[in-house]
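Chemist: Coordinates for the following, if possible.
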Amino acid sequence: ALQPLGRDRLGPGLRRGQPLMERYDVAVVGAGIAGASLAWRLAARCRVLLLERESQPGLHSTGRSAAMFMESYGPPGVRALTRASRAFYEAPPAGFATTPLLAPRGALYVAMHGQEALLEDLYAELIGGCPALERLDAQATLAIAPCLKAGKVHGALLDRDSQDIDVHALHQGFLRGMKAQGGELRCDAHVTGARREGDAWRVSLADGAS
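Modeler: This is a model prediction of the structure:
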């Protein structure tokens, strides 16, 4: 539950003259990419309040992220989740973004002399989920990455399906979609505590609201 604020104390996520609802089903703390995506998913089924302590969402790690979509990256569980998310990135819901979320980049896994077995082990591990993965010899590797020292390179694996993620477009899509479904964003909302009261939680903010 949050007490309504006066007109002069509304954060950027709310219209002036619009009081805060006194009760919410869910309060999400942090409006970066993780919090925004969670709030977007929940807003279709319950009353959501997204709290951000900065003056705008994504000011820190999300706003500085150089993210990639890589089905070849991480342990098996992470790779499975990445594969499962491809359809969303390639065809997000109508109106979610005005620009494509993915752009071609490619990823190169380079092996130096003495790392031949490691390269083969990595290929064997990845090929089942990345059937387009390519083996490259030293010459082909250096043609893509001429900055490498020719005498040290054994070869590489090339994942052409790896792509850049437009983090700003993705983040804004989550925020816009959350608001369209009735969710609310409140910025300059530094959470200082939370306590259980009966069947609900009371969240306290630095400005005195709770």
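Chemist: So what touches stretch 179-199?
Modeler: Residues external to stretch 179-199 that are found in contact with it (C-beta atoms under 8 Å, 6 or more residues apart in numbering): 1, 11-14, 20-21, 29, 31, 39-40, 42-44, 47-57, 95, 175, 178, 201-207, 209. (Glycine included, C-beta is placed from N, CA and C.)
Chemist: OK, contacts around the most centrally placed residue in the chain?
Modeler: Nearest to the geometric centre of the chain sits residue 33, at 4.4 Å (C-alpha atoms, centre = their mean). Counting by C-beta under 8 Å, 6+ apart, residue 33 touches 58, 62, 65, 167, 170, 171, 174.
Chemist: for the protein, what spans make up the helices?
Modeler: 33-43, 76-90, 116-126, 138-144, 167-180 (DSSP state H).
Chemist: now those helices in JSON lines, with distance to residue 190 and mean pLDDT?
Modeler: Shown next, in JSON lines, are the helices of the chain (distance: least, C-beta to C-beta, whole Å; pLDDT from 0 to 100):
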{"stretch": "helix 33-43", "distance to residue 190": "14", "mean pLDDT": "97"}
{"stretch": "helix 76-90", "distance to residue 190": "31", "mean pLDDT": "97"}
{"stretch": "helix 116-126", "distance to residue 190": "43", "mean pLDDT": "97"}
{"stretch": "helix 138-144", "distance to residue 190": "47", "mean pLDDT": "98"}
{"stretch": "helix 167-180", "distance to residue 190": "19", "mean pLDDT": "97"}
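Chemist: wait, which of those helices is closest to residue 156?
Modeler: Proximity to residue 156 (C-beta to C-beta) singles out helix 138-144 among the helices of the chain, at 4.2 Å.
Chemist: Okay, now the unreliable bits of this structure?
Modeler: 1-22 (pLDDT under 70).
Chemist: again, only using 80
Modeler: Applying pLDDT under 80 to the chain picks out residues 1-22, 209-210.
Chemist: can you tell me how far the spatially most distant residue from the centre of the chain sits from residue 164?
Modeler: No residue in the chain sits farther from the centre than residue 151, which is 38.8 Å out by C-alpha atoms, centre = their mean. From residue 151 over to residue 164 the distance is 31 Å, taken as C-beta to C-beta, to the nearest Å.
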